[in-house]
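# quick check, what structure comes out for this input:
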Amino acid sequence: MGEFDGRKLSHQTLAEIRRRAVLRVEAGESPEQVVAALGFHRSSIYSWLAKYREQGLEGLAAKPVPGRPRKLEGGQLQKLCRTLMEKDPLQLRFEFALWTRAMVRELIGEEFGVHLSEVSVGRLLRKLGFSPQRPLYRAYQQSPEAVQRWLDEEYPAIRELAGREGATIYFGDEAGIRSDFHRGTTWALVGRTPVVETTGARFSLNLISAISAQGRFRFMTVEGKLNADKFIDFLHRLLHNSERPIFLIVDGHPTHRALKVKQFVAATEGRLRLFVLPSYSPELNPDELVWRHLKTHNLGRARISGPAAMKHMVLTVLHRLQKTPALIRAFFRAPKLRYAAA
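This next block holds a predicted model:
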């Protein structure tokens with residue numbers, strides 16, 4: 001007699017067969033004879049007996065079969081899409097500004113009473129045309145027209161002038177490095193967001209630097225806040241031993257536009273010229289990637305014991321970067337910075 005295909009029976013029928021088989025064995029019949037007579041595999045009876053001895057007859061009862069979660073309807077999908085495209089999570093009392101699968105899952109549960117797994121949420125979002133992306137952070141005050149004018153007209157004119165005068169184009173920027181900067185992930189129990197506790201004894205280091213598409217990198221530490229005198233000191237260093245004129249492109253910080261700075265630049269008689277990027281456009285400055293490299297890949301993952309240790313680490317990283325012109329040149333190959341590549 002062949003084995004019976006139990007998948008063709010209802011769950012209630014299978015539960016009744018299990019109960020009767022176990023009771024026959026309990027009455028003294030051979031387990032293997034009972035299961036053979038029913039047409040099931042011999043291992044089945046032992047599995048049923050084990051459940052019976054652990055849970056009694058209730059262990060043999062039919063269990064509810066979980067079906068697929070209820071799907072969202074057309075109107076609900078439309079509302080979900082509109083919410084994800086038009087709303088910032090912070091507007092909906094979430095404490096994190098980016099839409100994650102977990103947050104979308106919670107949103108669906110609260111808005112529509114539909115409970116999905118994060119995997120199902122991911123599949124749903126892809127079907128709706130969404131994909132996980134790194135957000136672009138752009139200042140509200142940025143002028144797209146000014147940015148386009150810089151890319152199409154202003155920078156090409158600077159490049160052409162530099163070519164005629166044999167000048168080297170540098171991009172400059174300042175940064176403040178703080179001891180309590182953290183970047184990356186940390187292990188924690190699932191569902192419990194870790195909290196990074198700090199002592200409150202923060203310390204910082206201010207820096208200024210300039211890079212060129214040819215891989216040159218100059219930097220200087222700044223004690224206290226940057227002012228016109230300190231910026232001029234950096235310009236002196238940038239000009240030192242330079243055989244070619246220097247075109248330095250910076251942002252519109254008031255220090256860069258100070259009268260004292262303008263007078264110094266004029267006194268160089270063409271050896272130095274300053275140009276200003278469009279307002280609120282750090283993504284156009286390759287020198288920003290120097291600070292990202294320092295913070296994200298080095299300082300943000302380090303344990304800092306004090307101001308001297310932080311300064312030593314920062315200077316070590318920057319000196320190493322200075323000896324790696326290929327990495328500096330690579331900064332200019334970032335998508336939004338290729339316009340400035342050599």
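# longest strand anywhere in this protein?
Using DSSP state E, we find that the single longest strand of the chain is strand 168-178.
# pLDDT (mean, whole number) over it?
On average, the pLDDT along strand 168-178 is 88.
# try stretch 326-342
91.
# now that stretch - C-alpha only, PDB.
The C-alpha trace of stretch 326-342 is given here as PDB (Å, rounded to 0.1, in the frame of the first residue of the first chain):
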ATOM      1  CA  ALA A 326      46.200  60.400  -6.700                       C
ATOM      2  CA  LEU A 327      43.500  60.500  -4.000                       C
ATOM      3  CA  ILE A 328      43.300  64.300  -4.300                       C
ATOM      4  CA  ARG A 329      42.900  64.000  -8.100                       C
ATOM      5  CA  ALA A 330      40.200  61.400  -7.400                       C
ATOM      6  CA  PHE A 331      38.100  64.000  -5.500                       C
ATOM      7  CA  PHE A 332      37.700  65.900  -8.700                       C
ATOM      8  CA  ARG A 333      36.200  62.900 -10.400                       C
ATOM      9  CA  ALA A 334      33.100  62.800  -8.100                       C
ATOM     10  CA  PRO A 335      30.000  63.300 -10.200                       C
ATOM     11  CA  LYS A 336      29.300  66.900  -9.300                       C
ATOM     12  CA  LEU A 337      33.000  67.900  -9.400                       C
ATOM     13  CA  ARG A 338      34.100  66.600 -12.800                       C
ATOM     14  CA  TYR A 339      33.500  70.100 -14.200                       C
ATOM     15  CA  ALA A 340      36.700  71.100 -12.300                       C
ATOM     16  CA  ALA A 341      38.900  68.100 -13.200                       C
ATOM     17  CA  ALA A 342      42.100  68.800 -15.100                       C
END
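# what's next to that stretch, contact-wise?
Stretch 326-342 is contacted by residues 151, 155, 169, 171, 211-217, 283-284, 286, 289-290, 293, 321 when judged by C-beta atoms under 8 Å, 6 or more residues apart in numbering. C-betas here are computed from N, CA, C, even on glycine.
# give me the angle between whatever helix or strand comes next after the longest strand of the chain and strand 168-178.
Counting by DSSP states H and E, the element after strand 168-178 in chain order, helix or strand, is strand 204-212. If you take axes from the mean of the first three to the mean of the last three C-alpha atoms, to 10 degrees, strand 204-212 sits at 160 degrees to strand 168-178.
# list the buried residues in strand 204-212.
205-212 (16 or more other C-beta atoms under 10 Å).
# same deal with stretch 38-49?
38, 40, 44-45, 48-49.
# do stretch 286-297 as well
286-291, 293-295.
# same question, stretch 239-249
Neighbour count says stretch 239-249 has 242, 245-249 buried, by 16+ other C-beta under 10 Å.
# mean confidence score for it?
95.
# can I get it in CSV, CA atoms only?
Below are the C-alpha coordinates for stretch 239-249, written out as CSV (Å, rounded to 0.1, in the frame of the first residue of the first chain):
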residue,chain,number,x,y,z
LEU,A,239,52.2,81.6,-2.6
HIS,A,240,55.4,80.6,-1.1
ASN,A,241,57.8,79.0,-3.7
SER,A,242,55.0,79.0,-6.3
GLU,A,243,56.5,79.7,-9.7
ARG,A,244,53.1,80.1,-11.3
PRO,A,245,50.2,82.5,-10.5
ILE,A,246,47.5,81.1,-8.3
PHE,A,247,43.8,81.3,-8.8
LEU,A,248,42.0,80.4,-5.5
ILE,A,249,38.3,79.6,-5.6
